[in-house]
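Peer 1: Give me a 3D structure for the following:
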Amino acid sequence: MSETSRLQAAPRVKILQHLMRIFFTAAVVATVFTIFTPLGLTGGYGSGIDDIFSPPSAQNPDVFLPTPTPRQKPKVGIVVGHWGEYNDVGAVCPDGLTELEVNLEIASRTQQILQAEGFDVDLFKGYDDRLTDYRAIALV
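Peer 2: The predicted structure follows:
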């Protein structure tokens, strides 16, 4: 090996030596920090690998795990136009079909679809007192 090629290889060897020292030091430090955490490697539940992946209540019957609270269904309100209004059924077709009948049918079908999707749906008359301070994700 010539003198120039040996001089060029020397920095590469030094870089590799420094990288190996860094990786070795990082591995040792990570191991020490992992072993000496407050709960140790096992999370405080036991010493075997099965204990790590089993729930705490299976290892210690004195551990109380609360039952999660179910989330409320999202609420939607639908105002049916002309419903409950005195002598106002809306437009009337020549065959006698009224705007109120169409609105009520559409609102009822929408209510069924939304309930099947997991929503609580309230139907409201045009001037319903329950609309005051009504809270929902949508009011149509």
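Peer 1: Can you tell me the SS state at the residue nearest the centre of the chain?
Peer 2: For the chain, the residue nearest the mean C-alpha position is R71 (11.3 Å; CA atoms, centre = their mean). The local conformation at R71, judged by DSSP: H, G, I helix; E, B strand; the rest coil, is coil.
Peer 1: Mind listing what's buried along the longest helix anywhere in the chain?
Peer 2: Secondary structure of the chain read by DSSP state H shows that its longest helix is helix 3-35. For helix 3-35, a neighbour-count test (16 or more other CB atoms under 10 Å) marks nothing as buried. Using the backbone N, CA and C atoms, a C-beta is placed for each residue, glycine as well.
Peer 1: next one: that helix to chain centre, how far?
Peer 2: 44 Å (CA atoms, centre = their mean, to the nearest Å).
Peer 1: pretty sure I137 is touching G77, no?
Peer 2: No - assessed by CB atoms under 8 Å, I137 is found out of contact with G77, at 9.3 Å.
Peer 1: ok, those two, which is more surrounded?
Peer 2: Neighbours were counted for I137 and for G77 using other CB atoms under 10 Å; G77 has more, 19 against 10.
Peer 1: how near is the more buried one to T98?
Peer 2: 23 Å (CB to CB, to the nearest Å).
Peer 1: Would you list the phi and psi of L114?
Peer 2: phi -70, psi -40 (degrees, to the nearest 10).
Peer 1: number of nearby residues for it?
Peer 2: 18.
Peer 1: contacting residues around it?
Peer 2: Shown in contact with L114 (CB atoms under 8 Å, 6 or more residues apart in numbering): 76, 121.
Peer 1: gap between it and L104?
Peer 2: From L114 to L104 the distance is 16 Å (CB to CB).
Peer 1: ditto for Y86
Peer 2: 16 Å.
Peer 1: The longest helix of the chain packs against which elements?
Peer 2: Under the contact criterion of 3 or more CB pairs under 8 Å, 6 or more residues apart in numbering; DSSP states H and E, helix 3-35 touches no helix or strand at all.
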